[in-house]
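In: I'd like to go over a predicted model; first the sequence, then the structure.
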Amino acid sequence: MSVIDGRSASTAARIAAMVQSSIIEFLKRSEFAARVWSKLVAFESEQGFFPRGSSVLAAVSGGPDSVCLAHWLAFQARRKGLRVELLHVHHGLRGRAADADARSVLALGKALGLPASVVKAPVRAAAKARGLGLEEAGRKARYAALLARARRGRFAAVATGHQLDDQAETVLLHLLRGTSLEGLGGIAPRRALAPRVSLVRPLLPLTRAEVALYLKANGLTAREDASNRDPKFTRNWVRREILPRLERRAPGVKERLSGLAAKVRAATGR
């Protein structure tokens, strides 16, 4: 074979690889449209979270779930004329990493054309004063900050990025700690946060893997919180150790736990 023939073969191989890559990318986008986007559209249609012209405050940590939520709400804002704002609660616990999280949310808001703001919450001091763990104190601080901003800004709904894996983890945690029948209902798609303010979870039908697919399909990046890998937090232990083992032994267990929660909520009127 001549040098020219060799170069031609190499060029043809590169073109074939590029074509194959394009086909794979197209199939991935098709998979996204069929499996992920359609789930979100169907769930929104079923739940009616966002009537045309309504107002939504989104809790955005900068992590994958909340970035997905912000992007989805930006689409809904254009489609339904919603007023959407992003709020990041800075817990003051992780130094420069937490500062970077806050900056990423402000940048995301700018990229999506949505107003975004950061509020600081002294979680460590609150935990010590109230005798709470950092995880519980952080959760209370987040919801207090979200409610305060929702009231000031007259938002009808506060949206969080809880998804199907979170639902499965919550049901398992309730079982481990002991719970009433209502506790098996897990995370409700909608509940009252306060009079005239609803708390909604538009991403509940998506698995964590599907959220990652959403981000990739839309060219979005997200921050990773190192504390989410710390096994001293029981939820992380369930997420990283227990659920993966259950999923390997009984594939689809997360969806079944989520389905159980939905049946319990229907039976108990939650």
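Out: Yep, that arrived. Numbers count the residues shown, from 1 in each chain.
In: how much space is there between residue 205 and residue 164?
Out: Distance, residue 205 to residue 164, using Cβ to Cβ, to the nearest Å: 6 Å. In this view, the C-beta of every residue, glycine as well, is placed from N, C-alpha and C.
In: thought residue 143 was touching residue 197?
Out: No - between residue 143 and residue 197 there is no contact under Cβ atoms under 8 Å: 10.8 Å.
In: what about residue 99, which helix or strand?
Out: Secondary structure assignment for residue 99, by DSSP states H and E: helix 95-112.
In: residues making contact with that helix?
Out: Outside helix 95-112, the residues within contact range by Cβ atoms under 8 Å, 6 or more residues apart in numbering are 60-62, 67, 70-71, 74, 86, 88, 90-92, 94, 115-118, 222-223, 225-226.
In: Throw together a ChimeraX command that grabs the buried residues out of those.
Out: Selection of buried members from those for ChimeraX, criterion 16 or more other Cβ atoms under 10 Å:
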select :60,61,62,67,70,71,74,86,88,90,91,92,116,118,222,223,225
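In: Now intersect the contacts of helix 95-112 with the helices, please.
Out: In helices, defined here by DSSP state H, the members of the contacts of helix 95-112 are 67, 70, 71, 74.
In: one step back: rounded mean pLDDT for the helix holding residue 99, please.
Out: Across helix 95-112, pLDDT averages out at 93.
In: again with stretch 49-62
Out: What stretch 49-62 shows for mean pLDDT is 96.
In: re earlier: quick one: buried residues of the helix holding residue 99?
Out: Buried residues in helix 95-112, counted by 16+ other Cβ under 10 Å: 98, 101, 102, 104, 105, 106, 108, 109, 112.
In: How about stretch 49-63?
Out: Buried-residue list, stretch 49-63, by 16+ other Cβ under 10 Å: 49, 50, 54, 55, 56, 57, 58, 59, 60, 61, 62, 63.
In: One more: stretch 78-85?
Out: Those would be 82, 83, 84, 85, for stretch 78-85 by 16+ other Cβ under 10 Å.
In: and what of stretch 139-150?
Out: For stretch 139-150, burial by neighbour count (16+ other Cβ under 10 Å) applies to 140, 141, 142, 143, 145, 146, 147, 149, 150.
In: Would you report which members of those are assigned to helices?
Out: The helices, defined by DSSP H, take in 140, 141, 142, 143, 145, 146, 147, 149, 150 from the buried residues of stretch 139-150.
In: For residue 208, the count of nearby residues, please.
Out: Here the number of neighbours of residue 208 (other Cβ atoms under 10 Å) works out to 17.
In: That'll do, ta.
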